[in-house]
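[1] build me a structure from this.
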Amino acid sequence: MTFNFQFGFNMFEIVRPFNNHYRCFSVSMLPGKYRQDVERGGKIIMPPSALEHLTRLNISFPMIFKLSNEKTNRITHCGVLEFVANEGRIYLPHWMMHNLLLQEGDLVNVESVFLPIATFSRFQPQSEDFLDITNAKAVLENGLRNFACLTTGDIIAIKYNERIYEMCVLETQPGPAVTIIECDMNVEFAPPLGYVEKEIKKDENVVDPADLMPAPSGFIPFKGEGVRLDGKKPRDCAKPEVTVNKPTYIRGIPDYDYKIGTLVFLRNTKPVNNKEMKDPDEFKAFTGEGFSLRDQKTK
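    Here you go, the predicted structure:
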C-alpha cells in the first residue's frame, strides 16, 4: 500500500488511498430513467458516502479508479460521473462488467489511483462494419469524450449512427493504463477482427492495352548479340531500345497504315517543303490560288 505525505501548518498527515468494496450492477438496474450517457462511456456512478470519503482524503481531480474482480484477477480503470447510487452499490456500463467478468450483484474492489497522461493508443475494431465509417478518427474522438481513461486489453463500446461499435484497446503509451483527459494523443487502427484483404483477380475478358500494340516489323538495327574477341561470354547488359524507321509524315495525307490500339505522337516533325517534292502527282496542301468576292479595282 502506498502513502501520500502532505505538509500543512504545524501538522503531519498521512493520506491513505480510497479502497472499498461495492456490489456492482449494470446501468439498466439504476432506479429511474435509463441512463444512456453512462452506458456509452467509461465512467461509473458511486454512492454519496464515497464522495464524503474522497473529500476527507483530499483526492485530486480528475478522480480515477481501478476496478478489480478479485475472483478472476481482471482489472480495468474508470472515472466517476455522479455520486447518486444507493449505499453499498455502484453502477457500471455493460461493456465494463463484461470485461471484468462480473454478474449482477458481484463484489468489486474500487481503489483510487493516479495514471499518466496518454500520448498514443492503438485500437482494433471488432467488426468489419467499422470500415464503412468515412472519418473513423473523428468518430472515435467524439466517443472517447465520455471516457476518463483507457486500459490495455479492454473492449470499449462506441455509439455512432444508432449503432454500437466495439473497439479493443491493443496498446496505450506511456503505460498499460492512461488518462485521456485534456491530452494530445496519437491514434492508430489495426485491421478489424477477422478482416482478410481481398486479392484483386485479373479479369480474363479485359484486354491489356499493351497486347494491342503491333509487333515491330522491318529492319531492326543492333538486334544481334555481341561477341568478345577473347572468346569469353559477354556481360549481361541492357538491351538497346528497338527503333523502327517510320516514313516521313506528310501533312494532309491520312495514315492508311494505322492500326487500332496504337497511338502516334508527332513532335518536332519538320514539315515537308512542297517545292522539294519531285512527283507532280503528289498531294500539295494549300497550293491553289485565292479568289476575292469583291471586284478588284483597276489600277
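[2] residue 195 touches residue 129, doesn't it?
    No. Under the criterion of Cβ atoms under 8 Å, residue 195 is not in contact with residue 129, lying 10.8 Å apart. C-betas here are computed from N, CA, C, even on glycine.
[3] with neighbour numbers in mind, choose between these two.
    residue 195 (14 against 11; other Cβ atoms under 10 Å).
[4] skipping adjacent residues, who's closest to the more buried one in space?
    Once flanking residues are discounted, residue 195 sits nearest to residue 128: 5.4 Å by Cβ to Cβ, 6 or more residues apart in numbering.
[5] and for residue 86?
    Distances taken as Cβ to Cβ, 6+ apart place residue 47 nearest to residue 86, at 6.4 Å, with adjacent residues excluded.
[6] right, and the one you found touches residue 80 too?
    No. The pair residue 47 / residue 80 is not scored as a contact, 10.8 Å apart, by Cβ under 8 Å.
[7] residues touching the residue nearest to residue 86, list them.
    By Cβ atoms under 8 Å, 6 or more residues apart in numbering, residue 47 lies in contact with 22, 83-90.
[8] which one of those is nearest residue 106?
    Proximity of the contacts of residue 47 to residue 106 (Cβ to Cβ) peaks at residue 22, which lies at 9.8 Å.
[9] can I take it that residue 55 is in a strand?
    No. Judged by DSSP: H, G, I helix; E, B strand; the rest coil, residue 55 forms no part of a strand; its state is helix.
[10] count of neighbours near it?
    Using other Cβ under 10 Å, residue 55 is surrounded by 9 other residues.
[11] roughly how far apart are it and residue 25?
    Noted for residue 55: a distance of 24 Å to residue 25, by Cβ to Cβ, to the nearest Å.
[12] check residue 183 too.
    Note on residue 183: its distance to residue 25, by Cβ to Cβ, is 31 Å.
[13] quick one, which of the two is more surrounded?
    Comparing residue 183 with residue 25 by other Cβ under 10 Å, the one with more neighbours is residue 25, at 21 against 12.
[14] mind listing what the more buried one touches?
    Residues near residue 25 by Cβ under 8 Å, 6+ apart: 89-92, 104-105.
[15] between those residues, which is nearest residue 113?
    When the contacts of residue 25 are ranked by distance to residue 113 (Cβ to Cβ), residue 90 comes first, at 15.8 Å.
[16] could you say which helix or strand holds the nearest residue to the closest one once chain neighbours are set aside?
    Of all residues not flanking residue 90 in the chain, residue 22 sits nearest, at 4.5 Å (Cβ to Cβ, 6+ apart). Using DSSP states H and E, residue 22 falls within strand 19-26.
[17] just checking, next helix/strand downstream of that strand?
    helix 36-39.
[18] contacts made by that following helix with the rest, please.
    Residues outside helix 36-39 that contact it (Cβ under 8 Å, 6+ apart) are 27-28, 30, 44-45, 81, 91, 93-94, 146, 157.
[19] so which bits of it are buried?
    Within helix 36-39, the residues that count as buried by 16 or more other Cβ atoms under 10 Å are 38-39.
[20] can you give me the mean pLDDT across it?
    The predicted model gives helix 36-39 an average pLDDT of 80.
[21] do the same with stretch 64-83
    Mean pLDDT, stretch 64-83: 94.
[22] burial count for residue 20?
    Applying other Cβ under 10 Å, we find 17 other residues in the vicinity of residue 20.
[23] report the beta-bridge partners for it.
    Beta bridges link residue 20 to residue 110, judged by DSSP bridges.
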